[in-house]
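>>> build the 3D model from these lines:
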Amino acid sequence: METFFNIFVKAVFVENMVFAYFLGMCSYLAVSKTVNTSFGLGLAVIFVLTITLPINYLLENFILKPGALVWMSDNYADVNLGFLRFIFFIAVIASMVQLVEMVVEKFAPALYSSLGIFLPLIAVNCAILGGSLFMAEREYANIGEATVFGFGSGVGFFVAIVGIAAIREKIKYSNIPKPLRGLGIAFIITGLMGIAFMGFMGINL
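Numbering: from 1, shown residues only. Okay, here's the model as predicted:
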């Protein structure tokens with residue numbers, strides 16, 4: 001349980017997808033104009049990461065890794081399908097994103113319209129693919145750790161996008177110099193939030 005907690009805290013704060021690695025910046029900057037749309041996209045990202053990482057973990061460990069096919073026969077001990085990793089991972093992610101898109105369109109049409117093209121673009125969001133690739137690189141001990149990492153990464157993205165959206169809503173009423181309005185001030189705030197999150201690197205996990 002302690003290991004799961006450490007992985008979760010590290011994924012949310014220490015290795016935040018947005019503030020530590022600056023992944024998923026396109027949707028992070030484009031959708032974070034209002035808290036409502038940011039909240040919806042953040043929940044969608046949490047769902048996709050939580051579902052896709054354990055599936056990709058199974059694919060990685062039972063199909064793609066060198067020697068992963070040994071469970072079928074000892075004749076496949078030297079087979080390495082690692083070159084198919086991107087195709088497999090993106091196929092799983094695209095399938096889950098399609099499911100999310102259909103659910104959101106059915107039950108929250110207003111949110112679906114607000115998110116626009118950025119909802120289906122979750123399929124090629126580098127934060128989503130980055131989560132699966134980080135999972136493969138770090139070689140988590142079991143599917144539980146991979147799932148917790150996926151959930152934590154999603155929560156980290158959720159915190160980042162809702163946080164910046166709340167700030168951007170407030171600064172609409174501030175006297176910001178014209179050249180910095182819009183994306184300019186958003187980039188500056190993102191940098192400052194990234195510096196603030198660096199303070200979590202001192203956590204002893």
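>>> buried stuff in the worst-scoring helix or strand of the chain on mean pLDDT?
Using mean pLDDT, DSSP states H and E, helix 109-115 stands out as the lowest-scoring helix or strand of the chain, at a mean of 82. If you call a residue buried by 16 or more other Cβ atoms under 10 Å, then helix 109-115 has these buried ones: 111-112, 114-115. C-beta: built from backbone N, CA, C; applies to glycine.
>>> got a list of contacts for that helix?
Applying Cβ atoms under 8 Å, 6 or more residues apart in numbering, the contact partners of helix 109-115 are 31, 34, 36-37, 40-41, 44, 101, 104-105, 119.
>>> top of those by number of neighbours, please.
Leu41 (29 neighbours; other Cβ atoms under 10 Å).
>>> wait, that one sits on Ala30?
No: in this structure, Leu41 is not within contact of Ala30 by Cβ atoms under 8 Å, at 9.6 Å.
>>> pLDDT of the longest helix seen in the chain, averaged?
Scanning the chain for the longest helix, with DSSP state H as the assignment, gives helix 143-170. Averaged across helix 143-170, pLDDT comes to 94.
>>> over to stretch 60-68?
Stretch 60-68 comes out with an average pLDDT of 91.
>>> from the chain's centroid, how far away is that stretch?
Centroid displacement of stretch 60-68 relative to its chain, using Cα atoms, centre = their mean, to the nearest Å, is 23 Å.
>>> kindly export that stretch (C-alpha atoms) in CSV.
Output of stretch 60-68 as CSV, limited to C-alpha atoms (Å, rounded to 0.1, in the frame of the first residue of the first chain):
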residue,chain,number,x,y,z
GLU,A,60,4.0,-4.8,-22.8
ASN,A,61,4.7,-7.7,-20.5
PHE,A,62,3.0,-10.6,-22.4
ILE,A,63,3.5,-9.6,-26.0
LEU,A,64,5.9,-6.8,-26.7
LYS,A,65,9.0,-7.2,-24.4
PRO,A,66,11.9,-9.3,-25.4
GLY,A,67,11.0,-12.9,-24.4
ALA,A,68,7.4,-11.8,-23.5
